[in-house]
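K.L.:
give me coordinates for this.
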Amino acid sequence: MRRRLIAIVLPCTVAIVAAGCGSTPPSHFYTLSAASAPATSAASTPATASSDLSVAVGPVVVPAAVDRPQIVVAMTANEVWLDEFNRWASPLPNNIARIVAENLVSMLGTPRVTLWPQTLSIGVDYRAAVEVQRFESAPGVAATVEAVWTVIRARDGASQTGRTAAREAASEKSYDALAAAHSRAIARLSQDIADAVRALDGSRAR
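P.N.:
Down below sits the predicted model:
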């Protein structure tokens, strides 16, 4: 009787486990995107001509709480949720650095924008380091990015430091819309860095 009971229970257990595995939702992966057109600020002017400026972007650091594959969703002021099935396609610091670099190519009109430390800043005119202090994701509400950045001129060590605070609405309650909102916030960060590079480059000529 005991053997018969075991024989019945085992197939049922396997069937339940298989059914559970079959109902697991698929994971979705997201990435940031470069600005389709240069963002603008009061101090900026669009890049209308090519430039020979060279810039290395990095390092970029983010808060430890969001430095993980899962998208960290802000639930309340003190609670977050790690979404196991909606993730960043690459580490967030690398993702942000890559998009800032892509944005600077169009904003500064130069193809000579690379990622640090791949270039080790050798022969680079400027380096832009970014410390992201807040990277908040609220699907259907907004994407918030607050960062302190420093642009350093390689020739003499002159630098300019600033702070960017951007909150972009995410009207659709989807992770794709959230990633797009974060991309717009990173475009505003990129524009502030581009403005600082221009300012330092202009002072070099004086």
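
K.L.:
worst mean pLDDT across the helices and strands of the chain, which element?
P.N.:
helix 2-22 (a mean of 43; mean pLDDT, DSSP states H and E).

K.L.:
what's the following helix or strand after that one?
P.N.:
strand 28-30 (DSSP states H and E).

K.L.:
residues making contact with that following strand?
P.N.:
Residues outside strand 28-30 that contact it (Cβ atoms under 8 Å, 6 or more residues apart in numbering) are 71, 85-89, 175-176, 178-179. (Glycine included, C-beta is placed from N, CA and C.)

K.L.:
go ahead and flag the most central residue of this protein.
P.N.:
For the chain, the residue nearest the mean C-alpha position is residue 96 (3.2 Å; Cα atoms, centre = their mean).

K.L.:
helix, strand or coil: sort out that one for me.
P.N.:
Following DSSP: H, G, I helix; E, B strand; the rest coil, the label given to residue 96 is helix.

K.L.:
looking at this protein, which helix is longest?
P.N.:
Identified as the longest helix of the chain according to DSSP state H is helix 175-204.

K.L.:
distance from the chain centre to that helix, please.
P.N.:
Its chain's C-alpha centre and that of helix 175-204 lie 11 Å apart, by Cα atoms, centre = their mean, to the nearest Å.

K.L.:
do stretch 160-169 as well
P.N.:
Mean C-alpha position of stretch 160-169 versus that of the full chain (Cα atoms, centre = their mean) differs by 13 Å.
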